[in-house]
Each structure stands twice: as structure tokens, then as C-alpha cells.
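Chemist: just a sequence and a predicted model for now, questions to come.
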Amino acid sequence: MIIGGLQKTTLIDYPGKIAAIVFTSGCNMNCHYCYNPEMRNFSPKIAEEDFFDFLNRRKEKLDAVTITGGEPTVQADLGEFIQKIKDCGFLVKLDTNGTNPAVLKRLLEAKLVDYIAMDIKAPLEKYREVANCFVNETAIKDSIKLIIEHAPDYEFRTTIVKGQLGVEDIENIGKLIKGAKRHYSQKFMSTENLNDHAFEPMVGYSDDEMEKIKSIMAKYVKETFVR
Ligand code: SF4
């Protein structure tokens, strides 16, 4: 596994759990607003052995490990990596952009993931524009279906940039994940290190507007949140 970073503790990433976050390197999307552009490259920063040494020292303090990216499913040894984490006794949350449903299917069949968080970048017709790359929309739909039907627990989440996604797009995202358990609308916050510097002046919606977005999503999804 090519590991690009480690956050030793979080109380907010995995609902109800104390977790560490491991950042895998490499991603098959090219989102303008990506705030982790250095993670898009396959450059190792932490040896896998050192990561497992860390986990073994934290067995009493952590419940879970979140695997995020980049995009973890682009790495060939993801299943083996997760199995080693499970063998240490931790729950596993996987963050994904949903481009590799075959990988998700294998992980779910092997009961290797306890929680999946999948990004819904846009309604299908705008996926390539928002992801800023070729996207197989059928793969996105297949991942959504797999997660809704088979994940032990999950969330979908959408980062919403004003000017990129409008009310009609939110409505169509709701239709895309209709019947899902949980969706988070994530307010875009610009930083100085975005993948596309032209996006740095962009803004998110106001708190009031985010509440309206939440109420649109509530027509399609059981639990909706803003963060
Ligand atoms: S925001 Fe987009 S480009 Fe960045 S890691 Fe996530 S899917 Fe990849």
C-alpha cells in the first residue's frame, strides 16, 4: 500500500468511533476543488510497516481506521491491507469516489469494511465536469446500488461549490441516491492549496442556503446533514 499520510486520531470522521485516518496516495479523478492535490500522486511518505507499528501501539486507544485518499480502490493490495488492519482488531471505514464497484463488491463480500463513505460528485450528467476527468457513470451507479444494498453502514456526501452545483443539480443528486440511508452536504471552504488554483476564489453556499439544500435532499434520503 502506498501511504501518503496519517492522522493519528479523529473523533469526528467515523460516527461514534475514535479513529485514525490513513491517507493512501494516488487518485483517478482530478477535481478542481481537491484540497489534497499532493495525494493524487503515487508517492509514498510512510512505510506500511511503520503504519502497522503505530496501530499496534494504539490498540487500547482506537476503535477504527479510516482509509481515505487519494482514492484507495486504485491500489491493487487494498484488500490485503484492510485484512491486516482487521487482524489488529479495528473497525474499518473506507472513503471512496465510487469509480471501482468491482473492488467494493469484493471487499463487501469478504466483510472487510464496516462503513463506506462515497462521494457523490454531481448528478450523472455533470460528473465528468466536476471530477474534471473521464468518469464511467455506470460504475458510479453500480457503486451506489452496491453500497445501499450491502454495506453494513454508510454515507453519501457531496462537496457543494456555489457556481458548480445549483438547486436542480442537488435535486438530481437526490434522485440518484433515492432511498439511501444518509447524505452529508459538505460546504465548500477554499484553501490556498487547491488542485486548481482558479478555484481558490470560489465560495460555498451560506448556512441558510445549505439548510435549503438539506431540505431538498430530505425528499430522497432518510437522514440528511450539513457539515
Ligand atoms: S477530491 Fe477528487 S481528486 Fe481529490 S482525492 Fe478526492 S476524488 Fe481524488
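Modeler: Sure, I can see it. Numbering: from 1, shown residues only.
Chemist: excluding chain neighbours, what is closest to residue 107?
Modeler: Closest residue in space to residue 107, ignoring its immediate chain neighbours: residue 113 at 5.1 Å, by CB to CB, 6 or more residues apart in numbering. C-beta: built from backbone N, CA, C; applies to glycine.
Chemist: show me what secondary structure element comes after the helix or strand hosting residue 54.
Modeler: Element membership of residue 54 [criterion: DSSP states H and E] is helix 48-57. As assigned by DSSP H and E, the chain's next helix or strand after helix 48-57 is strand 64-68.
Chemist: what mean pLDDT does that next one have?
Modeler: The pLDDT scores in strand 64-68 average 98.
Chemist: just confirm yes or no for it near the ligand.
Modeler: No. Under the criterion of CB under 6 Å from any ligand atom, strand 64-68 makes no contact with the ligand; the nearest approach is 8.1 Å.
Chemist: residues of the protein that sit close to the ligand?
Modeler: 27, 29, 30, 31, 34, 36, 39, 40, 69, 70, 71, 97.
Chemist: which helix in this structure runs the most residues?
Modeler: helix 137-150 (DSSP state H).
Chemist: name the residues that touch it?
Modeler: Helix 137-150 has contacts (CB atoms under 8 Å, 6 or more residues apart in numbering) with 96, 98-101, 104-105, 108, 116, 118, 120, 124, 127, 154, 156, 176-177, 179-181.
Chemist: right, and the helix or strand after that helix?
Modeler: Per DSSP H and E, the helix or strand that comes after helix 137-150 is strand 154-160.
Chemist: now that next one and helix 137-150, what's the angle there?
Modeler: Orientation note: strand 154-160 sits at an angle of 140 degrees relative to helix 137-150 (axes from the mean of the first three to the mean of the last three CA atoms, to 10 degrees).
Chemist: average pLDDT for the next helix-or-strand element following strand 154-160?
Modeler: Secondary structure here is assigned by DSSP H and E; on that basis, the next helix or strand after strand 154-160 toward the C-terminus is helix 167-176. When pLDDT is averaged along helix 167-176, the result is 98.
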